[in-house]
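# Pasting a predicted model and its sequence here:
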Amino acid sequence: DGGESNTPSPTGVFDLQMHAPDNDHLAVAAFVVPQTGEYEVSSLAIRRVVGWGGGATLKVFNQNKTEVTSLQGTTQAWTTDGTTHNLGTLQAGDKIYFAVDRDTDFIGDAMEITWKITSL
């Protein structure tokens, strides 16, 4: 896209686009853990789809719905988080939650997000 820069690897893949609602709620996607084991989340990244409007924040929550980390996106350039976040032992069927929260106004808050989940 025009204005997109700092693109994280791998390129050429489909990223998830989410748009925060026009209220104090979150737009949430959940990853369902396929097998019991140790899990970590890394390579978090967020960017605005369009070059106008407010911003939004990507939030990651563990199985207990406790916030693990957050990352703010305000431009079309990718903002990345180089930290690996250990989520501990998760059971098959547990969930890791990825949410987008609006930071300012609702207009133009469509965000593109990426992450990597690893089972150790």
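Yes, it's here.

# Which SSE is immediately downstream of the longest strand seen in the chain?
Assignment by DSSP state E gives strand 37-48 as the longest strand of the chain. Per DSSP states H and E, strand 37-48 leads on to strand 56-61 as the next helix or strand towards the C-terminus.

# Keeping just the C-alphas, turn that next one into PDB.
Provided in PDB are the C-alpha atoms of strand 56-61 (Å, rounded to 0.1, in the frame of the first residue of the first chain):
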ATOM      1  CA  ALA A  56      -5.500   2.300  17.600                       C
ATOM      2  CA  THR A  57      -3.700  -0.100  20.000                       C
ATOM      3  CA  LEU A  58      -3.100  -3.800  19.600                       C
ATOM      4  CA  LYS A  59      -3.600  -5.600  22.900                       C
ATOM      5  CA  VAL A  60      -2.700  -9.200  23.700                       C
ATOM      6  CA  PHE A  61      -4.400 -11.000  26.500                       C
END
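
# quick one: average pLDDT of that strand?
In this model, strand 56-61 carries a mean pLDDT of 92.

# Any idea how many residues pack against residue 73?
Neighbour count for residue 73, taken as other C-beta atoms under 10 Å: 23. C-beta coordinates here come from the backbone N, C-alpha and C atoms, glycine included.

# mind listing what it touches?
Residue 73 makes contacts with 46-48, 55-58, 79, 111, as judged by C-beta atoms under 8 Å, 6 or more residues apart in numbering.

# what helices or strands is the worst-scoring helix or strand of the chain on mean pLDDT leaning on?
For the chain, the helix or strand with the lowest mean confidence is strand 16-19, at a mean of 79 (criterion: mean pLDDT, DSSP states H and E). Packing partners of strand 16-19 (3 or more C-beta pairs under 8 Å, 6 or more residues apart in numbering; DSSP states H and E): strand 27-32, strand 95-102, strand 110-119.
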